[in-house]
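Asks: sequence first, predicted coordinates after that:
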Amino acid sequence: VVIVRLLGLCRDANVRSGILSPDAFYSPWLSEHLDMERDYVTWAQHGPAERGKPVAVPWSFCSEPWLFDPGAKAKLLRTEALIRMSTVVQQSRAQGRFGASAIDQLPVLQPVLSKRADAARPPFRRLGASSRPASGVRGDFFVLRVRRDELINDTLEAVAEQSVQTLLKPLRVVFEGEPAIDEGGVRKELFQLLVDDLFGPQFGMWSWNASTRCNWFHLGGFGAAAEYFLVGLVVGLAIHNGVILDLKFPPLMWRMLLGDRRVDLEALRDMQPDLARGLTQLLEYDGDDVEDVFCASFAVEAESVTGEPQLHELVPGGKDIVVSSANRDEYVRRYVEFLLVGGVADAFDAFHRGFLLLCDGPALSFLTPAELEVIVCGSPVLDFHALEAGARYDEASGFTRDHRTVRLFWEVAHSLSTDDKHALLLFATGCDRAPVGGLGNLKFTLQRSGPDSMSLPTAHTCFNMLSLPEYGSRAKLRDRLTIAIHNATGFGLQ
């Protein structure tokens, strides 16, 4: 305990100096071997042991969470979620015997978008309960039933009508008309499709920057607070159920989700490098004719979703205040704060509330922004050699590590382009990104599905299993695999 506390003082000093990266203080042995559930329960029951005071309660390493790497912290988040799920299930069973209070059954958002001012907008129209599948509690689970052609409406309206108590239960997803039983793969596909649609341009809620490949809240977006709240809630629901999401946010988003709203030019540079470069040139310009060269005022123009310009004043009467050498520092500061905080405050606050509704447990405070990002989004770096090293083989079906078709598969897999590797991973596991710690932590299984044939490979995403016929040549395996990974949508025969 004394040694850990001394290291903690060194780590705190490093936070201020920034000499070492945070991972220099991780303990790989502790992260791998510590009983996370037991340690977390001890910490939750007795509270943190503060430095500088005698250890009067059972010691928990959760008091010094900087020792844990992202993989260990992901386990802590999952442990916390499972405890909350178990608690809610037990409470529901008790309420089934004694009755539930009205407060426990209040929906998280009711009514959902029933007060739309602009009925012509495409997103999230109100369908009504009679026109969509019924979702709700089934036994110990929250069962979400959706139609593929009404994915956004079915999902968001069903989620909005549930109580927090219901949403905290383990999630099961059913696509109407499809036979799959959700053991993990179906809900992974649902969230993947939701992210692709919700962050697309058709809803006008997010602004995409092609150079930095990240989304930010649209200044002139159509989204109402209720809609951003629901998107945040969907993200939180995925995290609560251990699903990795392909979210493309700048580093600032992860800082703000953890409560740090400080912004500067560097934060803007991560999102809009061209604009940040122009503002830097304004600050560094050494001429005495700033007014004539830059022709700027304390008002900025932003393009709405419909393409129409909108003028936003940074201060009252800002359109009549010319930017000069004397006030350019204030102009840049206010401009950056408007773009990243003030101009999107309502949208972010709503998104943040939705996000925290299911994820606001104590373990969230253990994370740094970078750790939160990798836990939520996984890693885009795909090391297929690590995947091969940790792969399993269904020997009962006839596959072993040394089987000729297995060797051909790995030769083809390693030769795929980066995009095709992502497609293969998505096809086989339901997610195109590596989990925390890399592909070596993925329990990937190869199974023989029969003798050599022209049949396509199939996948059981619930179990991260890829089934292959015993293809006789590398060319045939590549051809069949490529067709499969680029033409796979849904469960069952299409």
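Replies: Good, I have the coordinates. Numbering: from 1, shown residues only.
Asks: following element in sequence after whichever helix or strand Leu144 is part of, please.
Replies: Counting by DSSP states H and E, the element that carries Leu144 is strand 141-146. Downstream of strand 141-146, the next assigned helix or strand under DSSP H and E is helix 151-160.
Asks: convert that following helix to PDB, retaining C-alpha atoms only.
Replies: Extracted in PDB, the C-alpha atoms of helix 151-160 (Å, rounded to 0.1, in the frame of the first residue of the first chain):
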ATOM      1  CA  LEU A 151     -34.900   1.000 -37.800                       C
ATOM      2  CA  ILE A 152     -34.400   4.600 -36.400                       C
ATOM      3  CA  ASN A 153     -38.000   5.200 -35.600                       C
ATOM      4  CA  ASP A 154     -38.700   1.800 -34.000                       C
ATOM      5  CA  THR A 155     -35.500   1.900 -31.900                       C
ATOM      6  CA  LEU A 156     -35.700   5.500 -30.600                       C
ATOM      7  CA  GLU A 157     -39.400   5.500 -29.900                       C
ATOM      8  CA  ALA A 158     -39.200   2.100 -28.100                       C
ATOM      9  CA  VAL A 159     -36.300   3.300 -26.000                       C
ATOM     10  CA  ALA A 160     -38.000   6.600 -25.200                       C
END
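Asks: mind listing what's buried in stretch 6-21?
Replies: Taking 16 or more other Cβ atoms under 10 Å as the basis for neighbour counts, the residues of stretch 6-21 that come out buried are Gly8, Arg11, Asn14. Placement of C-beta: from N, CA and C, glycine included.
Asks: run through the strands of the protein in chain order.
Replies: 136-138, 141-146, 171-175, 206-209, 214-217, 299-303, 309-313, 392-393, 445-450, 458-460, 465-469 (DSSP state E).
Asks: chain center to the third one, what's the gap?
Replies: So the one you mean is strand 171-175. Averaged C-alpha coordinates place strand 171-175 at 19 Å from its chain's average position (Cα atoms, centre = their mean, to the nearest Å).
Asks: who does that strand touch, helix- and strand-wise?
Replies: Helices and strands touching strand 171-175, as assessed by 3 or more Cβ pairs under 8 Å, 6 or more residues apart in numbering; DSSP states H and E, comprise strand 141-146, helix 185-198.
Asks: as JSON lines, the ones you listed with mean pLDDT, distance to Gln162 and mean neighbour count would be great.
Replies: Converted to JSON lines, the helices and strands packed on strand 171-175 look like this (pLDDT from 0 to 100; distance: least, Cβ to Cβ, whole Å; neighbours: other Cβ atoms under 10 Å):
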{"stretch": "strand 141-146", "mean pLDDT": "90", "distance to Gln162": "7", "mean neighbour count": "21"}
{"stretch": "helix 185-198", "mean pLDDT": "85", "distance to Gln162": "15", "mean neighbour count": "20"}
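Asks: closest to Pro362 out of the ones you listed?
Replies: Between Pro362 and the helices and strands packed on strand 171-175, the shortest separation by Cβ to Cβ is 23.1 Å, and it involves strand 141-146.
Asks: can you list contacts of that closest one?
Replies: Residues from elsewhere that reach strand 141-146, judged by Cβ atoms under 8 Å, 6 or more residues apart in numbering: 132-137, 154-155, 158-159, 162, 166-167, 169-176, 190.
Asks: quick check: angle from the strand holding Leu144 to strand 171-175?
Replies: Following axes from the mean of the first three to the mean of the last three Cα atoms, to 10 degrees, one obtains 30 degrees for the angle between strand 141-146 and strand 171-175.
Asks: dump strand 141-146 to CSV, keeping only the CA atoms.
Replies: Presented in CSV, the C-alpha positions along strand 141-146 are these (Å, rounded to 0.1, in the frame of the first residue of the first chain):
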residue,chain,number,x,y,z
PHE,A,141,-34.6,-8.9,-20.3
PHE,A,142,-35.5,-5.7,-22.2
VAL,A,143,-36.5,-7.1,-25.6
LEU,A,144,-36.2,-4.5,-28.4
ARG,A,145,-38.2,-5.5,-31.6
VAL,A,146,-37.4,-3.4,-34.7
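Asks: paired strands for that strand, with orientation please.
Replies: Strand 141-146 pairs in its sheet with strand 136-138 (antiparallel), strand 171-175 (parallel), by DSSP bridges.
Asks: to Trp66, which of those strands lies closest?
Replies: strand 171-175 (31.3 Å).
Asks: with just CA atoms, put that closest one into PDB.
Replies: What follows is strand 171-175, C-alpha atoms only, in PDB (Å, rounded to 0.1, in the frame of the first residue of the first chain):
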ATOM      1  CA  LEU A 171     -30.800  -6.100 -23.800                       C
ATOM      2  CA  ARG A 172     -32.000  -8.600 -26.400                       C
ATOM      3  CA  VAL A 173     -32.800  -7.500 -30.000                       C
ATOM      4  CA  VAL A 174     -35.200  -9.000 -32.500                       C
ATOM      5  CA  PHE A 175     -35.300  -8.000 -36.100                       C
END
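Asks: what's the angle between that strand and helix 185-198?
Replies: Relative orientation of strand 171-175 versus helix 185-198 (the same axes, to 10 degrees): 80 degrees.
Asks: pull out the buried positions in the helix ranked longest in the chain.
Replies: Secondary structure of the chain per DSSP state H: the longest helix is helix 70-98. Neighbour-count burial for helix 70-98 flags 70-81, 85, 88-89, 92 (criterion: 16+ other Cβ under 10 Å).
Asks: could you find the closest non-adjacent residue to Asp140?
Replies: The shortest distance from Asp140 to any non-neighbouring residue, by Cβ to Cβ, 6 or more residues apart in numbering, is to Val89 (4.6 Å).
Asks: can you pull the contacts of that neighbour?
Replies: Asp140, Lys169, Pro170.
Asks: of those residues, select the buried ones using a ChimeraX command.
Replies: Only the buried members of the contacts of Val89 enter the following ChimeraX selection, criterion being 16+ other Cβ under 10 Å:
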select :169,170
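Asks: which one of the contacts of Val89 is nearest to Glu227?
Replies: Minimum separation from Glu227 among those (Cβ to Cβ) is found for Lys169, which lies at 24.1 Å.
Asks: hang on, that closest one packs against Arg93?
Replies: No. Using Cβ atoms under 8 Å, Lys169 and Arg93 do not qualify as a contacting pair, with a distance of 11.3 Å.
Asks: what do these two both touch?
Replies: With contacts taken as Cβ under 8 Å, 6+ apart, the residues that reach both Lys169 and Arg93 are Asp140.
Asks: quick check: Ser473 vs Asp35, distance?
Replies: From Ser473 over to Asp35 the distance is 49 Å, taken as Cβ to Cβ, to the nearest Å.
Asks: below-threshold pLDDT in the stretch 301-450 of the chain: ranges please.
Replies: Low-confidence segments of the stretch 301-450 of the chain, defined by pLDDT under 70, are located at 304-307.
Asks: in it, what residue spans correspond to helices?
Replies: Remark: helices assigned in the stretch 301-450 of the chain by DSSP state H, counting those that start in this stretch are 328-340, 345-359, 369-377, 384-390, 404-415, 418-429.
Asks: over to the stretch 151-300 of the chain?
Replies: Using DSSP H, counting those that start in this stretch, helices in the stretch 151-300 of the chain cover 151-160, 164-167, 185-198, 225-240, 251-257, 265-269, 273-284, 290-294.
Asks: again with the stretch 1-150 of the chain
Replies: Assigned helices in the stretch 1-150 of the chain, in chain order: 2-17, 28-33, 36-46, 70-98 (criterion: DSSP H, counting those that start in this stretch).
Asks: other SSEs contacting the second one?
Replies: In this case it means helix 28-33. Counting by 3+ Cβ pairs under 8 Å, 6+ apart, helix 28-33 packs on helix 70-98.
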